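Asks: With the input below, show me the fold.
(2 chains)
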Amino acid sequence: MRVTLVPRDAPLTGHRFATLAVAAAVVWAAAYWLNGRVWDAVLVDLLHLDPAARWVESVRFFCFDTVKIALLLTAIIFVVTFGRSYLSVERTRALLGGRREGVGNVMAAGLGVVTPFCSCSAVPAFIGFVAAGVPIGVTLSFLIASPLVNEIAIGLLVSMFGVRIALLYVGAGLVIAVVAGWVLGRSGAQRWVEPFVFETRLHGQVIDPSQGLDLRDRVGIAAEEVRSILRRIWPYLLVGIGLGALIHGWAPQEVFTRYAGAGNPFAVLVAVVIGVPLYSNAAGILPLVEVLHDKGLPMGTLLAFMMSVVALSLPELILLRRVLRPPLLAAFVAVVATGIVAVGYLFNAVLG
Amino acid sequence: MIVKVLGPGCANCRNLESATRSALADLGLQATVEKVTDYAAIAGYGVMRTPALVIDETVVVSGRVPSVAQVRELLTAAGATGGQ
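Replies: From the prediction side, this is the model:
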């Protein structure tokens, strides 16, 4: 990768960094531009396949989309991780400490989007926030916004449906996180938090992982994140694109519009009920969303489906069970799912 | 010297543990390597992103897996001040 272009011991100066960044951007843009053209050349000109045949159409879609999504993911994850290396959960907690509910919920949701955070750390972060005096409801706003407003989903939505849809998604996700956290905090959620959380005392000096890194470290962290995320999600990605390719080539449009189109008042509800237990990620789900949109499904239903898949997942709930007792965990799922359903209906009404 | 690897047992925690063990071996240091998997204990150190490395009760890294070379530097620095 581009990191290796600089000798190991040489410092990565700002000038050199800018040159490498421009070079990488040019290579990336060229690859993105070539993607569709290369597959057309290989499938039609080289292998003499009939471009009008359904299965050729599906194969072309699969090849093209796999490379396209991989390229988009690489760019999005790299840029976002590099930017986030200047932020940290520790700094976010310091900003939230002592905030009242209301303002605190809004700040927590916003910070949840930009703070580098993986839901695998949900438990230590929850304890760390509460032990530092951040109210439960505010902490929950952070924990809801973080997976719900997902940077990969934002990037892919921009490239597939444009900035307007991406902004609607971000706005809706923030509102859900703020309202859900506020409601749960107001309804006496602390009764249902495991007692050991309140007994945890912080000792030792907190170190901020975003401090003391030079440009090379940040580039290294970003490159490592691209590698580790791609390694983790590629099966979901291929299944998602594979399903998308099959639907793209074979599924008749009438089936979707009849059962899940704007005419069915329960479509959003059904989409969320299917989406909650489904465990995938934004990268695996968006190729499917794009195809279903082409088949005539309304945007609100699709966004609700995507949000329910990325926001609520069984592995995360099992982790959160360690700090939240079942009634609060159930309320957490119910409030977030209700918010997503409401957003789905609202968007279907607004976007038409 | 007591070295603790904080993390609930994820892939990154194992990577950090092996990086720590090879760094200790490189330096020829005798140290007890302890794994801390209890969430309350992890959070007690103020750590909110696992994995984390604690040398003689001081958190030196959290939220990422450092390279073996970086762990060597951290161990050397801690050894110099800790009187190992």
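Asks: So which bits of chain B are right by chain A?
Replies: By the rule C-beta under 8 Å from any C-beta of the partner chain, the part of chain B lying against chain A is B:8, B:10, B:39-40, B:42-50, B:54, B:57-64. In this view, the C-beta of every residue, glycine as well, is placed from N, C-alpha and C.
Asks: Of the residues you listed, select the buried ones using a ChimeraX command.
Replies: Command for ChimeraX that selects the buried part of the residues of chain B next to chain A, burial taken from 16 or more other C-beta atoms under 10 Å in any protein chain shown:
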select /B:8,39,40,42,43,44,45,46,47,48,49,50,54,59,60,61,62,63,64
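Asks: tell me the pLDDT at the closest residue in space to A:Glu194 that isn't next to it in sequence?
Replies: Spatial nearest neighbour of A:Glu194, excluding adjacent residues (C-beta to C-beta, 6 or more residues apart in numbering or on different chains): A:Val323 at 5.3 Å. A:Val323 is assigned a pLDDT of 91 by the prediction.
Asks: Mind telling me what element residue 30 is part of?
Replies: Reading this off chain A. Applying DSSP states H and E as the criterion places A:Ala30 in helix A:14-40.
Asks: And that helix, how far out from the chain middle?
Replies: 24 Å (C-alpha atoms, centre = their mean, to the nearest Å).
Asks: what helices or strands is it leaning on?
Replies: helix A:54-84, helix A:215-250 (3 or more C-beta pairs under 8 Å, 6 or more residues apart in numbering or on different chains; DSSP states H and E).
Asks: Recalculate using a threshold of 6 Å.
Replies: Counting contacts by 3 or more C-beta pairs under 6 Å, 6 or more residues apart in numbering or on different chains; DSSP states H and E, helix A:14-40 packs against helix A:54-84.
Asks: Would you mind getting the angle between the helix it packs on and helix A:14-40?
Replies: Interaxial angle of helix A:54-84 relative to helix A:14-40 (axes from the mean of the first three to the mean of the last three C-alpha atoms, to 10 degrees): 170 degrees.
Asks: Now the next helix or strand along the chain from helix A:54-84: average pLDDT?
Replies: Downstream of helix A:54-84, the first helix or strand assigned by DSSP H and E is helix A:89-96. Averaged across helix A:89-96, pLDDT comes to 87.
Asks: quick one: is helix A:89-96 near chain B?
Replies: Yes - using C-beta under 6 Å from any C-beta of the partner chain, helix A:89-96 reaches chain B at A:Val89.
Asks: how near is the residue of chain B found nearest chain A to A:Val323?
Replies: Going by C-beta to the nearest C-beta, chain A is nearest to B:Ala43 of chain B, at 3.6 Å. Distance, B:Ala43 to A:Val323, by C-beta to C-beta, to the nearest Å: 10 Å.
Asks: confidence score at residue 46?
Replies: Since no chain was named, I'll use chain A. Confidence score, pLDDT, at A:Leu46: 84.
Asks: you looked at the wrong chain, it should be chain B
Replies: 82.
Asks: how about it, secondary structure?
Replies: coil (DSSP: H, G, I helix; E, B strand; the rest coil).
Asks: Next: A:Ile207.
Replies: Quick answer, by three-state DSSP: A:Ile207 is coil.
Asks: So what's the residue count around it?
Replies: A:Ile207 is flanked by 20 other residues according to other C-beta atoms under 10 Å in any protein chain shown.
Asks: Flag every buried residue along the worst-scoring helix or strand of chain A on mean pLDDT.
Replies: Ranked by mean pLDDT, DSSP states H and E, the weakest helix or strand in chain A is helix A:253-260, scoring a mean of 75. Going by neighbour count (16+ other C-beta under 10 Å), the buried part of helix A:253-260 is A:256-257, A:260.
Asks: Surely A:Val336 and A:Ala180 touch.
Replies: Yes - if you go by C-beta atoms under 6 Å, A:Val336 and A:Ala180 touch, sitting 5.3 Å apart.
Asks: okay, these two: which has more neighbours?
Replies: Taking other C-beta under 10 Å, A:Val336 and A:Ala180 do not tie; A:Ala180 has more neighbours (29 against 25).
Asks: Name the residues that touch the host helix or strand of the more buried one?
Replies: Assessed by DSSP H and E, A:Ala180 sits inside helix A:163-186. By C-beta atoms under 6 Å, 6 or more residues apart in numbering or on different chains, the surrounding residues in contact with helix A:163-186 are A:101, A:105-106, A:109, A:135-137, A:140-141, A:144-145, A:148-149, A:154, A:157-158, A:303, A:335-336, A:339, A:343.
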